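> What follows is a predicted structure for the sequence shown.
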Amino acid sequence: MSVRRVLLITAVAIVSAQTQPAFDAASVKPIDPGDRVSSASRAGEFMGSLQALIWFAYGIEDYRISGGPKWLATDKFDVVYEPSGPQAKLMLRTLLAERFKLAVHTETRQMPVYSMVIAKSGPKMEKADKPAGSGGGPGTIRGTMEMSTLASNYLSSTLGRRVIDQTGLTGAYTLSLKWTPDDGPATGDNSAPSLFTAIQEQLGLRLESTKGPVEVFVIDHAEKPSEN
């Protein structure tokens, strides 16, 4: 048995162990391609593509998903389930395996990443005692957080590439970041700079393009579910 096969079996076993809980009732219906539906979730329902479902169930960003059928990100489904609650995401993993025949494994690959370092000007953020509330929206990130949180929770998802904190800054910092997204102006301000410029001017940090390890969620098999 090959090493890859052993790793695959191990990964699937881990996933299976995590996804034992199942919904009492669930339905999966394809959404008409003519309906312009964005990914959306509410208690007991999720609408979106299989790629979006994987993101919702596993918390895997799009840039970390590899392989899968051509319709992975295009065909959309309406998934209605009960019960909803804290176990819903684990139950959704079971549904993905049973209804979409989803089979996956994880592996680490060397991929393009960004290293977040201190700019020549030095950090422009206020030191805080501990992390507090934080949040963001189109073109904004604000709150009190550690640099690792800024890199992994906010910048990585925004840029679609892993961002590694290499600032050497420890503890929490209060920050406010505003930029113009690639697909439109920041809320209420169309004069904000690009994200890369904003990070340097407003936070005193800089992003350097390099390569590094990224854990990838590889889709080995998936099928369109029968409607019910």
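Perfect, I can see it now. Numbering: from 1, shown residues only.
> okay, CA-based contacts and neighbour counts for the rest of this
Will do.
> I'd like the domain boundaries of this protein, if you could list them.
Using automatic domain parsing, the domain ranges for the chain come out as 3-109+215-221, 123-203.
> And those domains, which one averages the lowest pLDDT?
Lowest mean pLDDT within those: domain 3-109+215-221, a mean of 85.
> where along this structure do the helices fall?
3-18, 50-58, 88-99, 147-149, 156-159, 195-198 (DSSP state H).
> circling back to that earlier point, save the domains of the chain as TSV, and put in distance to Met116 too.
Supplementary listing: the domains of the chain in TSV, determined by distance: least, C-alpha to C-alpha, whole Å:
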stretch	distance to Met116
domain 3-109+215-221	18
domain 123-203	5
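> do you know which of those lies nearest Ser209?
Nearest to Ser209 among the domains of the chain is domain 123-203 (9.3 Å), distances taken as C-alpha to C-alpha.
> Let me know the distance separating the residue positioned nearest the centre of the chain from Val214.
The C-alpha lying nearest the average C-alpha coordinate of the chain belongs to Glu61 (C-alpha atoms, centre = their mean; 2.7 Å). Distance, Glu61 to Val214, using C-alpha to C-alpha, to the nearest Å: 11 Å.
> Kindly report the same for Thr197.
Taken as C-alpha to C-alpha, the spacing of Thr197 relative to Val214 amounts to 25 Å.
> Could you do Ser176 as well?
The value you get for Ser176 to Val214, if C-alpha to C-alpha is used, is 28 Å.
> residue contacts, Gly168?
Counting by C-alpha atoms under 8 Å, 6 or more residues apart in numbering, Gly168 touches Val117.
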